[in-house]
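Novice: Build me a model from this:
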Amino acid sequence: MCEKNEAYVGRIGGEEFLIVLKDVPPAVAIVEANNLITMIAQQPFEVSADLSIHISVTVGISSYPHNGQTSSELLENLVIAKQQAKTKLSSYFHINNLK
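Specialist: Modelled structure (predicted):
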């Protein structure tokens, strides 16, 4: 994931996580989101010795400065983007698609 750039990972709560990619344009963030979604979908989760399941990921994408000037604004738009992805049954949704 964006080996040349800095990435920060944090847990928002429950099963929600946040990845911050520093100095990465939205187009690259979309590619990285697709890579992450694909990697997770291809790797089964071992529940027990005889049971594995596949999990899916929904990603919302919000980028500075277009989607907010503060961390609160960016997070608010990120939540909206994630909800749009779930509503549209898509793996990811970029908040710019609402404009």
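Novice: From the chain's centroid, how far away is stretch 30-37?
Specialist: Mean-position distance between stretch 30-37 and its chain equals 8 Å (CA atoms, centre = their mean, to the nearest Å).
Novice: all helices of the chain, in order?
Specialist: 26-42, 71-87 (DSSP state H).
Novice: highest average neighbour count across those?
Specialist: helix 71-87 (a mean of 16; mean count of other CB atoms under 10 Å). From N, CA and C alone the C-beta is placed, and that goes for glycine too.
Novice: and the angle for that helix with helix 26-42?
Specialist: Using axes from the mean of the first three to the mean of the last three CA atoms, to 10 degrees, one finds that helix 71-87 and helix 26-42 are set 50 degrees apart in direction.
Novice: Packing partners of helix 71-87?
Specialist: strand 59-61, strand 92-94 (3 or more CB pairs under 8 Å, 6 or more residues apart in numbering; DSSP states H and E).
Novice: Having no further points to raise, I will conclude here.
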